[in-house]
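I need the structure of the sequence given here:
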Amino acid sequence: MKFFVSCAKGLEYLLADELLAMGLPKATATIAGVNAEGELRDAQHVVLWSRLASRVLWPLEEFDCPDEAALYQGVVSMPWEDHLDADLTLAVDAHVSGTAITHARFAAQRVKDAVVDRLRGEGLERPSVNVDLPDVRINLSLRKGRATISIDLSGGPMHRRGWRQSQNDAPLKENLAAAVLMRAGWPKIHAEGGGLLDPMCGSGTLLIEGALMAADVAPGLQRHGSIPPSRWRGFDQAQWKALMGEAREREQVGRAALKQVIHGSDIDPQAIRAAKENAEVAGVSEAIWFGVRDVADMQVPPQEIGCVVCNPPYDERLAADAVLYRRIGDALKRAVPQWKASLLCGSADLAFATGLRARKTYQLFNGAIECALIVCDPIAVPARENDGQPRELSEGAQMVANRLRKNLKKFKSWLAREDITCFRAYDADLPEYAAAIDVYREDGGKGRTFLHVQEYAAPATIPDADVRRRRNELLAAAREVFQVPAEQVALKSRERGKGGSKYGRFEQRGEFILVRENNALLRVNLFDYLDTGLFLDHRPLRRHMAEQARGKRFLNLFCYTGVASVEAAVAGAVSTTSVDLSGTYLQWCADNLALNGMGGSRHQLVQADAIKWLEAEQGQFDVIFCDPPTFSNSARAEDFDVQREQLRLLRAAVARLAPGGVLYFSNNFRRFKLEENAIAEFARCREISARTIGPDFERNARIHRAWELQRLG
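The predicted model follows:
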């Protein structure tokens, strides 16, 4: 069966790894959860053992649900008499999106009504509702007009472990605490005799979760006790008892082996009292040392190796003080410089304020608060070897470094002459090192240099070991030439798998940097997405359009992050209109405009299907930029294929040109063929691709093609 395991945003890939480690045959990360496959026993095993999951939803039925009537009919037709006993209590949770039904509580009520009506129609008594502790919890998911009715096998929130008696003002959920510990590699560190330290432990969530994790205690063991999580008829009670028995045996062995290597402190005596009470209930009080002290006076544990975990204050109720974060970083460097650290910070800026160099940064959500989890290994990075002299590179890495230096020398005068700070420095110049390296120099701030490395797919005949070695040599060469630390290198690496090569998981830093192109200030994100928000290959075309748009009306179709609109506005366009179906990209465009002091009615943002908008629009524009995707299958619009739709698109766009206006059409579909004869019926057209390719893309001149169109007559 396929079932769904939900989790907090940011934990999806970690949860997928956890489920696969449990033996599930398949677990694929999706938004706020994992699509899993397995038997009912596997799902019940997840309920008992997952440290990261929030719910385990076992689907019963799926049906089309265009409106409230269809929802009621779909649920009432289900054989609820086979799922529920009449004397059981129930609760319904609903999650809805779309326009069919917009209120989750109303949807939950209609599901409950349908279940009750079905049972009464079968001559059974009406079940009671118990929102807090139901015998059976039903879940409705309504998305894109499809309703899924599931049984919540977990019976309630899985982050509740059953030991929390007291808490401070802003407690950390236990499953998020588990993620912080897992990113630190705590179970392995404990097995090797290492220590665990939290210098701002609050009510002890991280340390207690760490102790239970080290003791191999199933997170659901204390939560459920002798009462199963669900009394749904399909729930395998005998199998659950067997799983619980096995978990208790493992707990007995694990607690006996638990080492006394866990240390916690906090400046607040009341928080320490709460932590001790919680540890007592959890049965780990003897394994954890608690003390009242300031972070600057943290206890230095006797263990040579270990990890620091910490959740410093950052939300609306607790002061987010950058000075405090710096004190934390300085104290850790003094006390445990060779240890590892996993710190859940309130933002990327606060993480930066620690002064610690993060090897990895992850985006997590503590409730609705977006946080930055930084992993430092070690906490204090040793000074560079060889007194600042270049590191010794392997022969292959030296070849790449030599080519990079050669390219930089060739580009030097061009970059200075045109004031270019974002460019492609390398594009598979050496076939064995098949990747593109783009340079992004930060505008203002610390003026840092970032590298964006996109690895091309290696032929299937190349062994994985060689692929990894070449990748590492390329990265070593790039870091040496540009003198950048690892955290300023974004790698988009292709992985082999079923269905061919694909890009692997991206980091979730939520980190934007500011760069400048053609006098415009722009936000780019190098780590979180495949694309950065700035297509470097279109730089010459954007500059040409910006010059032409001075004093004129500019239209940007499929605008993405609106870079062309911003540059036209900065150059003096009298107005800009940016059209895209994505609200996320339009917000990015708005942010870019605001950075340059642009906004208001002169710079319009339109969320719409570009073709339909063109066909309905009556206004005229002097300069139009149209750079559509190759394919699009958005749920909010008709499927789009640039080869198939080109005539309809271009006819509608040319119709919006003012007298003397010009349309620039571009796309990067390698097999695209322009239907010139048909276009000649309504526009003059000439290809200008060669003029739109900068020196840094000459090796890959087919990266895009571009045409200039003018309306006939």
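
Let me see the confidence value for the closest residue to residue 295 other than its chain neighbours.
Excluding its sequence neighbours, the residue lying closest to residue 295 (Cβ to Cβ, 6 or more residues apart in numbering) is residue 199, at 4.8 Å. In this view, the C-beta of every residue, glycine as well, is placed from N, C-alpha and C. Per-residue pLDDT puts residue 199 at 95.

looking at it, residue 199 is touching residue 297, isn't it?
No: between residue 199 and residue 297 there is no contact under Cβ atoms under 8 Å: 9.1 Å.

more crowded one of these two?
Per other Cβ atoms under 10 Å, whichever of residue 199 and residue 297 has more neighbours is residue 199, with 25 against 12.

any idea how far that one lies from residue 532?
Relative to residue 532, residue 199 is positioned 37 Å away (Cβ to Cβ, to the nearest Å).

shared neighbours of residue 199 and residue 297, which are they?
In terms of Cβ atoms under 8 Å, 6 or more residues apart in numbering, residue 199 and residue 297 are not both contacted by any residue.

Give me the next element, helix or strand, following the lowest-mean-pLDDT helix or strand in the chain.
Across the helices and strands of the chain, mean pLDDT, DSSP states H and E gives its lowest value to strand 500-503, namely a mean of 43. Using DSSP states H and E, the helix or strand that follows strand 500-503 towards the C-terminus is strand 513-517.

on contacts alone, who are the packing partners of that next one?
strand 435-441, strand 520-524 (3 or more Cβ pairs under 8 Å, 6 or more residues apart in numbering; DSSP states H and E).

repeat that with 6 Å
strand 520-524 (3 or more Cβ pairs under 6 Å, 6 or more residues apart in numbering; DSSP states H and E).

mean confidence for the strand it packs on?
What strand 520-524 shows for mean pLDDT is 96.

surely residue 573 meets residue 554?
Yes: counting by Cβ atoms under 6 Å, residue 554 is a contact partner of residue 573 at 4.5 Å.

any idea which element residue 475 lies in?
Residue 475 belongs to helix 464-482, assigned by DSSP H and E.

The next helix or strand after that helix - what's its average pLDDT?
Sequence order places strand 489-492 as the next helix or strand after helix 464-482, per DSSP H and E. Strand 489-492 shows a mean pLDDT of 90.

contact partners of strand 489-492?
451, 452, 453, 454, 503, 526, 527 (Cβ atoms under 6 Å, 6 or more residues apart in numbering).

what secondary structure does the second one sit in?
It refers to residue 452. Here residue 452 is recorded as strand under DSSP: H, G, I helix; E, B strand; the rest coil.

ok, what's across the strand from it?
Taking DSSP bridges, one obtains residue 438, residue 490 as the residues bridged to residue 452.

Distance of it relative to residue 361?
16 Å.

same question, the third one
Noted for residue 453: a distance of 17 Å to residue 361, by Cβ to Cβ.

Following element in sequence after the lengthiest helix in the chain, please.
In the chain, taking DSSP state H as the definition, the longest helix is helix 395-417. Moving toward the C-terminus from helix 395-417, the next helix or strand (DSSP H and E) is strand 422-427.

Show me what that next one packs onto, helices and strands only.
strand 435-441.

what helices or strands is the strand it packs on leaning on?
Using 3+ Cβ pairs under 6 Å, 6+ apart, the elements in contact with strand 435-441 are strand 422-427, strand 449-455.

Please repeat the previous calculation with a cut-off of 10 Å.
helix 395-417, strand 422-427, strand 449-455, helix 464-482, strand 489-492, strand 513-517 (3 or more Cβ pairs under 10 Å, 6 or more residues apart in numbering; DSSP states H and E).

report the angle between the axes of that strand and helix 464-482?
30 degrees (axes from the mean of the first three to the mean of the last three Cα atoms, to 10 degrees).

How far off centre is strand 435-441?
Centroid displacement of strand 435-441 relative to its chain, using Cα atoms, centre = their mean, to the nearest Å, is 22 Å.

repeat for stretch 325-336
In this view, stretch 325-336 has its centroid 29 Å away from the chain centroid, taken as Cα atoms, centre = their mean.

next one: stretch 609-617
For stretch 609-617, the separation from the chain centroid amounts to 32 Å (computed by Cα atoms, centre = their mean).

And for stretch 36-52?
Computed by Cα atoms, centre = their mean, the chain-centroid distance of stretch 36-52 equals 24 Å.

Okay, buried residues for it please.
Within stretch 36-52, the residues scored as buried using 16 or more other Cβ atoms under 10 Å are 36, 38, 42-52.

Check stretch 107-115 too.
107, 108, 110, 111, 112, 114, 115.

Throw the buried residues of stretch 36-52 into JSON lines and include pLDDT, distance to residue 95 and secondary structure, thanks.
Below are the buried residues of stretch 36-52 laid out as JSON lines (pLDDT from 0 to 100; distance: Cβ to Cβ, whole Å; DSSP: H, G, I helix; E, B strand; the rest coil):
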{"residue": "36", "pLDDT": "96", "distance to residue 95": "18", "secondary structure": "strand"}
{"residue": "38", "pLDDT": "95", "distance to residue 95": "23", "secondary structure": "coil"}
{"residue": "42", "pLDDT": "96", "distance to residue 95": "23", "secondary structure": "helix"}
{"residue": "43", "pLDDT": "97", "distance to residue 95": "19", "secondary structure": "helix"}
{"residue": "44", "pLDDT": "97", "distance to residue 95": "22", "secondary structure": "helix"}
{"residue": "45", "pLDDT": "97", "distance to residue 95": "24", "secondary structure": "helix"}
{"residue": "46", "pLDDT": "97", "distance to residue 95": "19", "secondary structure": "helix"}
{"residue": "47", "pLDDT": "97", "distance to residue 95": "19", "secondary structure": "helix"}
{"residue": "48", "pLDDT": "97", "distance to residue 95": "24", "secondary structure": "helix"}
{"residue": "49", "pLDDT": "97", "distance to residue 95": "25", "secondary structure": "helix"}
{"residue": "50", "pLDDT": "97", "distance to residue 95": "20", "secondary structure": "coil"}
{"residue": "51", "pLDDT": "97", "distance to residue 95": "23", "secondary structure": "coil"}
{"residue": "52", "pLDDT": "97", "distance to residue 95": "19", "secondary structure": "coil"}
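
can I assume residue 552 is in contact with residue 657?
No: judged on Cβ atoms under 10 Å, residue 552 makes no contact with residue 657 at a distance of 11.3 Å.

any common contacting residues for these two?
621, 622, 623 (Cβ atoms under 10 Å, 6 or more residues apart in numbering).
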